[in-house]
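# Below: sequence and its predicted model.
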Amino acid sequence: MHKDELLELHEQMVIIMEHFRARENVDDALFEPYEQLGVDPSHVHKSKSEHKHAVFVLGNALATGMSDDEFSSAGRVGKRMEELAKDAESNL
């Protein structure tokens, strides 16, 4: 994936996060790991690896928020996003 495509994906995921946050039953702490990264889709000066890591961390948060448990489809996606985030972090 090219960096511009990754930035577009990152931006779309942030939009999903904002809609998800607007729901009343969403824990604010769910997205803290993503926010602590300090990597926003508008930060085009950040490396592709940093954006990739941010996308996986955000994907994990979104999937975790949608899952009933770790064995649901969303739970399994969240677990895989967590693994990919750890792998991406090791490449930073």
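On my side now, so go ahead. No experiment lies behind these values; they were computed from the predicted model shown.
# C-alpha from now on. contacts and neighbour counts both.
Will do.
# Quick check: which element contains residue 74?
Assigned by DSSP states H and E, residue 74 belongs to helix 73-90.
# Would you mark the buried spots in that helix?
Residues 74-82, 84-85, 88-89 are the ones in helix 73-90 that count as buried (16 or more other CA atoms under 10 Å).
# Equivalent analysis for stretch 60-76, please.
60, 61, 62, 63, 64, 65, 66, 67, 74, 75, 76.
# Among the residues you listed, which lie within helices?
Using DSSP state H, the subset of these located in helices is 60, 61, 62, 63, 64, 65, 66, 74, 75, 76.
# so what's residue 30 closest to, chain neighbours aside?
Of all residues not flanking residue 30 in the chain, residue 61 sits nearest, at 6.0 Å (CA to CA, 6 or more residues apart in numbering).
# which ones are touching that neighbour?
Residue 61 sits next to 30, 31, 34, 78 when contact means CA atoms under 8 Å, 6 or more residues apart in numbering.
# From those residues, which shows the smallest pLDDT?
Note: of the contacts of residue 61, the lowest pLDDT belongs to residue 78, at 82.
# In the protein, where is pLDDT below threshold?
Applying pLDDT under 70 to the chain flags the ranges 68-72.
# got the contact list for the residue nearest to the spatial centre of it?
With distances taken as CA atoms, centre = their mean, the residue of the chain nearest its centroid is residue 58 (1.2 Å). Contacts of residue 58 were listed using CA under 8 Å, 6+ apart, and they are 13, 14, 31, 34.
# And the second one, how far from residue 27?
To tie it back to what came earlier, the one meant is residue 14. 16 Å (CA to CA, to the nearest Å).
# Over to the last one?
If you measure residue 34 against residue 27 using CA to CA, the figure is 14 Å.
# Look at those two and report which has more neighbours.
Shown here are residue 34 and residue 27; by other CA atoms under 10 Å, residue 34 has more neighbours (20 against 11).
# what helix or strand is that one on?
Here residue 34 is assigned to helix 32-37, by DSSP H and E.
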